[in-house]
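# please work out how this folds:
(chains A and B)
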Amino acid sequence: MSTPSSGTAAPALEAEQLRLAYGDHVVFSDLDLEIARGSVTTLIGANGSGKSTLLKAFGRLLAPASGRVRLYGSPLRGQSARQIARQMAILPQKPLTPQATRVRELVSRGRHPHQSLLRTWRQSDTLAVNEALGVTGLSDLAERDAASLSGGQLQRAWIAVVLAQEAPVLLLDEPTSFLDLSHQLEVLRIVRRINRERGTTITMVLHDLSLAARFSDRLVAVHDGRVVADGDPWSVLTPRVLRSAFALDASVVADPQTSTPLVVPHELSS
Amino acid sequence: MKPLAVAPAGPPRPRLLAVTALAAATTLVLAVAGIVAGSSGLSVPDTVRTVFVGGDASESFIVFQLRLPRVCAAVLVGASLGMAGALTQSFSRNPLATPDIIGVTAGASAGAVFAIVAVGGTYAVSAGVLSLGVPVMATVSGLATAALVYSLSWSGGVDSYRLILIGIGASATLTGLTSYLLVRAELSLAQAATQWLVGSLSGVSWLSVWPTLVTFVVLTPIALTQTGSLDVVQLGDEVATGLGVDVQRHRLVVLASAAVLTSVAVSASGPIGFVAFVAPQVARRLGRTSRPPLIASALLGAITVCGADVLGRAVLPWTVPVGIITALVGAPYLIWLLARGNAWERTS
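Residues are numbered from 1 along each chain as shown, chains lettered A, B, ... in the order given. Below you'll find the predicted structure:
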């Protein structure tokens, strides 16, 4: 199940017998997971369930204790940081916004994997930056100091950084945290649009289950170092899964407009 | 071939270019002033004539054997310290993380003082020790300290916060050792060592200029290969990894370059305080950049040391070692910077 069947293209990402640990604390002991090309997959789970740890392992920010991660069939280990960065972008939870940096300058950092001693800044880099600014609605703010942006604008600027990277695989670790509901919606609309228009494979971690259901093709529920449910939003967001993964008594109803599942929490289950 | 990121990951910055050009011009003016100025009573026209046409034996000696090496050393030591400071402050994202803080300077000083105090006592060898042994000991022990601090900070990778803390610890230990050597030494040797510790260009000859020149010329291009990575590392280590920076390799290159630049500079002039701290911060503020720019920091370091030297031997009525002037300017600047930083935190 971990090796791609012959004749078909390898999945965008694959975890093979992955063992992830922080020192002695083992988070996942033997995990296999595939992320299909062109999909939007969201990892869900309670705080401390290991969903961000898993995303970090996919994004080679955390080296596995054993097992491996493959990107388009090739193991991450053994590829140079720059080689990987041209194929996979990752936006971690708490990026640092440097001082005295205009939005355009910040977004242009996303072009780093495409630069080298022999290949300096070009027209194509400027175009990629302009497009990333356009998609995230920041064209008018491009000359502003990044530190002066509001929370929602800044998060869009960070999304623009990874968009400028133009990698076919994009990992987002809680891209909507600290944002109010309308700005969460704004960010996720951009994410969905990138997926539809560029065919970018997106894997992210989200806390809001109803938003996760609305903007994802597939949900993966993680609990205690195991995948407890995996599939389309309706098959994963069931009262049974919510009870086991979140210790939550909840009902799941259909969104009247989008007909995606909505989670209505009632009580903490005992 | 491994591609190296040299170009700044972004559009050109005209302000930084202007600041760099202006700093280069100022360096040149100060260097000329350093050659012209002096206490030996050589007039300005005589100096100019000696440089371009030639003078008698004593004029040539003063200009080519005393002033020129001194000015060259001032520019190169300042530039090395400025660039080293820009490198360590940038990679650690911490303006306090100078080569002084992470132990290189204290290591070089302990080595030099040991050479002066332990070996210099024998009168016959002391001249040789002072001209050759001291710089070699300073360089070697500065580099050894850097290597030790780096390996002690290693735990599956080097974390810059831990590096700074271990560096501070190593600095304190080595400074204690230096004090012990001074207390135990004969008075004349202790005085010679103290004079060295202040940081001075008065004993400089061509012999001390060449190592700094070679080091600076070799290490500048190596440091410049890290320009793009330094920009990206400002966004955090995880973002930098995601953008294709091999963070650990980048840190090793940056730290090794800074350690070599600092050790060799300190071995030529003694530890000239605060240059590695102040020059990069001034350069960053003038250029309005997200981190200290390498070339502009080097030039501002050259301006600081060369300017302090001219001030100390030609403007002030008495001779003041360059290290004292940079400390007198640098320490208040540090206080001002910290005070202003607090004000920012309060308002935000």
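# not counting its neighbours along the chain, what's nearest B:Gly270?
B:Gly199 (4.1 Å; C-beta to C-beta, 6 or more residues apart in numbering or on different chains). Yep, even glycine has a C-beta here, placed from its N, CA and C like the rest.
# can you tell me how far the one you found is from chain A?
31 Å (C-beta to the nearest C-beta, to the nearest Å).
# I figured that residue hits B:Val320, correct?
No - counting by C-beta atoms under 8 Å, B:Gly199 stays clear of B:Val320, with 11.2 Å between them.
# number of residues surrounding residue 63?
No chain in the question, so chain A it is. The local packing of A:Ala63 (other C-beta atoms under 10 Å in any protein chain shown) involves 13 other residues.
# not quite, I wanted chain B
23.
# swap in the one 3 residues further on?
Applying other C-beta under 10 Å, we find 17 residues neighbouring B:Leu66.
# pLDDT wise, what is it at?
Looking at B:Leu66, its pLDDT stands at 86.
# from B:Leu132, how far out is B:Ala268?
12 Å (C-beta to C-beta, to the nearest Å).
# how about B:Ile325?
B:Ile325 is 28 Å from B:Leu132, by C-beta to C-beta.
# which parts of stretch B:167-182 are buried?
B:167-168, B:170-171, B:174-175, B:177-178, B:181-182 (16 or more other C-beta atoms under 10 Å in any protein chain shown).
# oh, I was asking about stretch A:220-227
Those would be A:220-223, A:225, A:227, for stretch A:220-227 by 16+ other C-beta under 10 Å.
# so what touches that stretch?
Applying C-beta atoms under 8 Å, 6 or more residues apart in numbering or on different chains, the contact partners of stretch A:220-227 are A:26-29, A:31, A:33, A:41-46, A:49-51, A:54, A:228-230, A:236, A:241, A:244-245.
# return the distance of that stretch from the chain's centre.
17 Å (C-alpha atoms, centre = their mean, to the nearest Å).
# now stretch B:226-239
On C-alpha atoms, centre = their mean, the centre of stretch B:226-239 falls 23 Å from the chain's centre.
# likewise for stretch A:137-153?
22 Å.
# check whether it contacts chain B.
No - if you take C-beta under 8 Å from any C-beta of the partner chain as the test, stretch A:137-153 misses chain B, and the best it gets is 9.1 Å.
# now stretch B:18-25: average pLDDT?
On average, stretch B:18-25 scores 96.
# pLDDT score assigned to B:Thr347?
34.
# so what's the residue nearest to B:Gly270 up against?
B:269-273, B:321-324, B:326.
# picking up where we left off before, pLDDT check: weakest of the buried residues of stretch A:220-227?
Among those, A:Gly225 has the weakest pLDDT, 86.
# give me the neighbour count for residue 140.
Let's take chain A. With other C-beta under 10 Å as criterion, A:Asp140 counts 9.
# the chain in question should be chain B.
Neighbours of B:Val140 (other C-beta under 10 Å): 16.
# how about B:Pro14?
8.
# quick check: it vs A:Asp145, distance?
Distance, B:Pro14 to A:Asp145, by C-beta to C-beta: 17 Å.
# show the backbone phi and psi for the residue in the stretch 151-270 of chain A that chain B sits nearest to.
Going by C-beta to the nearest C-beta, chain B is nearest to A:Gln165 of the stretch 151-270 of chain A, at 6.8 Å. In terms of degrees, to the nearest 10, the main-chain angles of A:Gln165 are phi -70, psi -20.
# touching, it and A:Arg109? I think so.
No - if you go by C-beta under 8 Å, A:Gln165 and A:Arg109 don't touch, sitting 9.1 Å apart.
# go ahead and build a ChimeraX selection from the buried members of the contacts of stretch A:220-227.
In ChimeraX, a selection of the buried entries from these looks like this (16+ other C-beta under 10 Å):
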select /A:27,28,31,33,41,42,43,44,45,46,49,50,51,54,228,229,236,241,244,245
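# which of the contacts of stretch A:220-227 fall in helices?
A:51, A:54, A:236, A:241, A:244-245 (DSSP state H).
# pLDDT for those residues - can I get that in a markdown table?
A markdown table is the format used below for these (pLDDT from 0 to 100):
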| residue | pLDDT |
| --- | --- |
| A:Lys51 | 93 |
| A:Leu54 | 95 |
| A:Val236 | 95 |
| A:Val241 | 94 |
| A:Ser244 | 90 |
| A:Ala245 | 92 |
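# which of those lies closest to A:Tyr22?
A:Tyr22 lies nearest to A:Leu54 out of the ones in helices among the contacts of stretch A:220-227, by C-beta to C-beta, at 12.9 Å.
# hmm, back to that, can you list the buried residues of stretch B:167-182 in JSON lines and add secondary structure?
Output for the buried residues of stretch B:167-182, formatted as JSON lines (DSSP: H, G, I helix; E, B strand; the rest coil):
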{"residue": "B:Gly167", "secondary structure": "helix"}
{"residue": "B:Ile168", "secondary structure": "helix"}
{"residue": "B:Ala170", "secondary structure": "helix"}
{"residue": "B:Ser171", "secondary structure": "helix"}
{"residue": "B:Leu174", "secondary structure": "helix"}
{"residue": "B:Thr175", "secondary structure": "helix"}
{"residue": "B:Leu177", "secondary structure": "helix"}
{"residue": "B:Thr178", "secondary structure": "helix"}
{"residue": "B:Leu181", "secondary structure": "helix"}
{"residue": "B:Leu182", "secondary structure": "helix"}
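# what's the closest non-adjacent residue to A:Arg70?
Nearest non-adjacent residue to A:Arg70, counting by C-beta to C-beta, 6+ apart: A:Glu14, 4.3 Å away.
# you'd agree the one you found is in a strand?
Yes - judged by three-state DSSP, A:Glu14 forms part of a strand.
# so what pLDDT did it get?
So A:Glu14 comes in at 95 (pLDDT).
# relative to B:Thr26, how far out is it?
A:Glu14 is 58 Å from B:Thr26, by C-beta to C-beta.
# ranges for the helices of the stretch 201-348 of chain B?
Assigned by DSSP state H, counting those that start in this stretch, the stretch 201-348 of chain B shows helices spanning B:206-224, B:227-233, B:237-242, B:247-269, B:275-287, B:294-310, B:322-347.
# hang on, I meant chain A
Under DSSP H, chain A gives helices at A:51-58, A:81-87, A:103-108, A:123-135, A:151-164, A:181-198, A:209-215, A:233-236, A:239-246.
# of these, which stretch is the most buried?
helix A:103-108 (a mean of 26; mean count of other C-beta atoms under 10 Å in any protein chain shown).
# just name whatever secondary elements that helix is in contact with.
Applying 3 or more C-beta pairs under 8 Å, 6 or more residues apart in numbering or on different chains; DSSP states H and E, one finds that helix A:103-108 contacts helix A:123-135, helix A:151-164.
# list the buried ones in the lowest-mean-pLDDT helix or strand in chain A?
Least confident helix or strand of chain A, by mean pLDDT, DSSP states H and E, is strand A:261-268 with a mean of 90. Going by neighbour count (16+ other C-beta under 10 Å), the buried part of strand A:261-268 is A:261-263.
# note down every partner strand of it and its orientation.
strand A:248-254 (antiparallel) (DSSP bridges).
# distance from the partner strand to the middle of the chain?
Chain-centre distance of strand A:248-254: 25 Å, with C-alpha atoms, centre = their mean.
# by how many degrees do that strand and helix A:239-246 diverge?
Computed by axes from the mean of the first three to the mean of the last three C-alpha atoms, to 10 degrees, the angle separating strand A:248-254 from helix A:239-246 equals 140 degrees.
# strand A:248-254 - what's its average pLDDT?
pLDDT averaged over strand A:248-254 gives 93.
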